[in-house]
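S.K.: Next comes the sequence, and after it the predicted model I'd like to discuss.
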Amino acid sequence: MKIAILPGDGIGPEIMAQAVKVLNVLGEKFELESADVGGAGYAAHGHPLPPATLALAKSADAVLFGAVGDFKYDSLERSLRPEQAILGLRKELSLFANLRPAILYPELAGASTLKPEVVSGLDILIVRELTGDIYFGKPRGVRECPDGPFKGEREGFDTMRYAESEIRRIAHVAFQAAQKRSGRVTSVDKANVLETFQFWRDIVTEVHKDYPGIELEHMYVDNAAMQLVRAPKKFDVIVTGNMFGDILSDCAAMLTGSIGMLPSASLDASNKGLYEPSHGSAPDIAGKGIANPLATILSAAMMLRYSFGKAEQAGRIENAVKAVLAQGLRTADIFEAGTTRVGTEEMGNAVVKALG
Ligand code: NAD
């Protein structure tokens, strides 16, 4: 069980240290090896995804990733910016399926901006396609506008595209995930306007024929955004493309009170995965010792479940997180009156203690 530990930038190293502590007390034989990535990779080796880091990620059985990004690198050309590391890893490791559970722990119902009755008991899974769509489609760039009312002006352009097999494989991931849950899939698209997503809808409908026990519903992305804040509990598994999934998963994150609570898994066809919190490097709070480490700790639990088949150990970590919340311990992002405010390290230590 070789794990590449890539802490990254901002709060990345602080939250990763807590997840590593948790892994180290489970009594398993993990081989942990760390490397620089993102801004840290650029600063030390001149590239956000240095060759040695990529080689480590490829040779490991799983990657545990903190976060990348720092505004001080915003003036670098795009290919050298920290965020390119995560895009590069997704592409190089063929991590096409991003699983983002959004679970509202009962203790945090008051931390959500929505009314407790709307969100309490929320447990949804967003399955986002991760290596296609407008984020990777070519051609892209800035050019002279070739036609239309703005002909001759400069214009920015990107290409939205999905190949049939790309849609099929992510649809299978969603239907199989639904088989282990309540058996409902909502496929989110924009089939009324975009050719790419009419095609998406047609292929998802075809794949659905392999899963007669699963209920499939199609929904336009604008309606899905509205329903996510109006009645989020009506969803179970949501499957969607890269860009819509990016936006909807952050929306789902806030339902749960804080993005600091949300883990994610990005898997390839054989369940090798990269596991990371759903949030970024939070430069506004980096170095203050106040970041919430629970999303990273829960990402480590997802790693044990999906890449190493250790559901029992994953459950132990998840129960330890529930236990510290039940004890009333809260980092600043989820703090409410009547609870105890703790820092990043204290929260990590409390999870370790709860693990016994
Ligand atoms: P962000 O997720 O870093 O922060 C958004 C807000 O949430 C901030 O107020 C932050 O303080 C708070 N927050 C995030 N994680 C938290 C945690 N664990 N505990 C408490 N509060 C937390 O998003 P942003 O500010 O838009 O982006 C900051 C940088 O992160 C940018 O450079 C961006 O490109 C990068 N980014 C990286 C990833 C990634 O590494 N996968 C993802 C998203 C953004």
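M.R.: That came in fine, so what should we check first?

S.K.: Could you pull up the mean pLDDT of stretch 13-21?
M.R.: Average pLDDT, stretch 13-21: 98.

S.K.: Just give the closest residue to the residue in the stretch 51-200 of the chain positioned nearest to the ligand, not the sequence neighbours.
M.R.: Among the residues of the stretch 51-200 of the chain, Gly69 lies closest to the ligand, at 2.2 Å counting by C-beta to the nearest ligand atom. (Each C-beta comes from the backbone N, C-alpha and C, glycine too.) Nearest residue to Gly69, sequence neighbours excluded (C-beta to C-beta, 6 or more residues apart in numbering): Ser281, at 4.3 Å.

S.K.: again, but for Pro50
M.R.: Once its chain neighbours are removed from consideration, Pro50 has its nearest residue in Gly41; the separation is 4.9 Å (C-beta to C-beta, 6+ apart).

S.K.: So the one you found sits against Ala52, correct?
M.R.: No. If you go by C-beta atoms under 8 Å, Gly41 and Ala52 don't touch, sitting 9.3 Å apart.

S.K.: Looking at those two, which one has more neighbours?
M.R.: Gly41 (26 against 12; other C-beta atoms under 10 Å).

S.K.: In contact with the more buried one, which residues?
M.R.: Under the criterion of C-beta atoms under 8 Å, 6 or more residues apart in numbering, the contact list for Gly41 reads 35, 47-50, 53, 82, 85.

S.K.: Determine the residues that are contacts of both of Gly41 and Ala52.
M.R.: Counting by C-beta under 8 Å, 6+ apart, the contacts common to Gly41 and Ala52 are Ala35.

S.K.: so where does Arg100 fall, helix or strand?
M.R.: In the assignment (DSSP states H and E), Arg100 maps to strand 97-103.

S.K.: other SSEs contacting that strand?
M.R.: Of the remaining helices and strands, those touching strand 97-103 by 3 or more C-beta pairs under 8 Å, 6 or more residues apart in numbering; DSSP states H and E are strand 123-129, helix 164-179, helix 242-255, strand 263-267, helix 294-306.

S.K.: would you turn the ones you listed into CSV with distance to Thr205?
M.R.: Compiled in CSV, the helices and strands packed on strand 97-103 are given as follows (distance: least, C-beta to C-beta, whole Å):
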stretch, distance to Thr205
strand 123-129, 16
helix 164-179, 9
helix 242-255, 17
strand 263-267, 24
helix 294-306, 27
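
S.K.: which of the ones you listed has the lowest average pLDDT?
M.R.: Per-stretch averages of pLDDT across the helices and strands packed on strand 97-103 put helix 242-255 at the bottom, with a mean of 90.

S.K.: what about it, distance to the chain center?
M.R.: Averaged C-alpha coordinates place helix 242-255 at 9 Å from its chain's average position (C-alpha atoms, centre = their mean, to the nearest Å).

S.K.: Stretch 264-274 now?
M.R.: Taking the mean C-alpha point of stretch 264-274 and that of its whole chain, the gap between them comes to 11 Å (C-alpha atoms, centre = their mean).

S.K.: could the contacts of Gly41 go into JSON lines alongside neighbour count and secondary structure?
M.R.: Shown next, in JSON lines, are the contacts of Gly41 (neighbours: other C-beta atoms under 10 Å; DSSP: H, G, I helix; E, B strand; the rest coil):
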{"residue": "Ala35", "neighbour count": "22", "secondary structure": "coil"}
{"residue": "His47", "neighbour count": "18", "secondary structure": "coil"}
{"residue": "Pro48", "neighbour count": "31", "secondary structure": "coil"}
{"residue": "Leu49", "neighbour count": "25", "secondary structure": "coil"}
{"residue": "Pro50", "neighbour count": "19", "secondary structure": "coil"}
{"residue": "Thr53", "neighbour count": "26", "secondary structure": "helix"}
{"residue": "Pro82", "neighbour count": "30", "secondary structure": "coil"}
{"residue": "Ala85", "neighbour count": "29", "secondary structure": "helix"}
